[in-house]
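Student: using only what follows, build the 3D model:
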Amino acid sequence: MRQKMRARAALVGLALGVVALAGCAMAGVSDPWAIGVLTAFDLLLLAACVRPLFGDDTDQPGELEPRLDGLTGLPDRRALTAVVERTLPVADSDQEPAGLLVFGVHELADVTDTLGPAIGDLLLKEVAARLAAAVRDTDTVGRLGDDEFAVLLPQVGSAPACLDTARRLLDLVRGPADLDGYQVRISAAVGAAVYPVHAATTTELFVRAETALRAASRSRDGAALYEVGVEGDLRPRNEIDSREHRPALPSR
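Tutor: All right, here's what the predicted structure looks like:
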């Protein structure tokens, strides 16, 4: 579309130039100085119109290139949101629900405070790697920021299937990790929401998956599916398990 607009601008410039020269001929202008001024003006006008035809898109940085998280190399929140926005119309067309999972890593602050930011970064990279290795080719893993990750699941099948996938990925994320010689046990929680069962827009899907994450963080197994109701009034199915949130004790 942009290339077509540039081509039209160039044609307008050419047309104006022809009209100007034709006007001189019809008016019988023979003064070399006047003709030279009109010719120079015509060339400047033509150059101004043609220039956009050969311009680049540097005035729109990041519009065509994906935005990646600098630490993990995953799509950031903005890039993942764009993927979700493209996925939902396809879900409507195919009549296939799409799921969104939001993971929260519990002990990032403790690890960073105890062992330093470098080890905290390794923890995030490990979570990113585990998620990326466990999903389908059609799924998209992203980092929403700080200690949160997300997974978009096109053609998830159903809400119960989305929750099953959330639990499977959570089991793969959790567990011991060797971070530059420090043994840390990763704990996390995951919230799930499904389009169009729980949300009608991209924004609603993110909000409701994150709402489910808050419920999951209070639940025994650390996984929760969004329940339709008052926003923020989700209740975990199980009693709070205080052991779930004990800080990981690193050892060397």
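Student: tell me the domain ranges of the protein?
Tutor: Domain assignment for the chain by automatic domain parsing gives 2-54, 77-245.
Student: least reliable of those by average pLDDT, please.
Tutor: Lowest mean pLDDT of the domains of the chain: domain 2-54, a mean of 61.
Student: where along the stretch 151-252 of the chain do the helices fall?
Tutor: 159-173, 202-217 (DSSP state H, counting those that start in this stretch).
Student: how deep is Gly104 tucked in, by neighbour count?
Tutor: 21 (other Cβ atoms under 10 Å). From N, CA and C alone the C-beta is placed, and that goes for glycine too.
Student: sorry, slip of the keys, the one I care about is Val105.
Tutor: Around Val105 there are 22 residues (other Cβ under 10 Å).
Student: wait, it touches Val127, no?
Tutor: Yes: here Val105 lies in contact with Val127, judged by Cβ atoms under 8 Å, at a distance of 5.7 Å.
Student: list the residues that contact both of those two?
Tutor: 149, 186, 188 (Cβ atoms under 8 Å, 6 or more residues apart in numbering).
Student: of those, which is the most crowded?
Tutor: Phe149 (28 neighbours).
Student: so the residue lying closest to that residue once chain neighbours are set aside: helix, strand or coil?
Tutor: Of all residues not flanking Phe149 in the chain, Phe103 sits nearest, at 4.5 Å (Cβ to Cβ, 6 or more residues apart in numbering). Classification of Phe103 using DSSP: H, G, I helix; E, B strand; the rest coil returns strand.
Student: and Phe103, what are its bridge partners?
Tutor: Beta-bridge pairing for Phe103 (DSSP bridges): Phe149, Val190.
Student: distance check, it against Pro117.
Tutor: Using Cβ to Cβ, to the nearest Å, Phe103 is found at 20 Å from Pro117.
Student: neighbour count winner among these two?
Tutor: Phe103 (27 against 10).
Student: I'd guessed that one sits against Asp146; true?
Tutor: No: contact criterion Cβ under 8 Å: Phe103 and Asp146 do not qualify, at 11.7 Å.
Student: pLDDT score for Arg67?
Tutor: 86.
Student: what of the one 4 residues further on?
Tutor: Leu71 is assigned 94 on the pLDDT scale.
Student: surely Asp139 and Leu152 touch.
Tutor: Yes: if you go by Cβ under 8 Å, Asp139 and Leu152 touch, sitting 6.3 Å apart.
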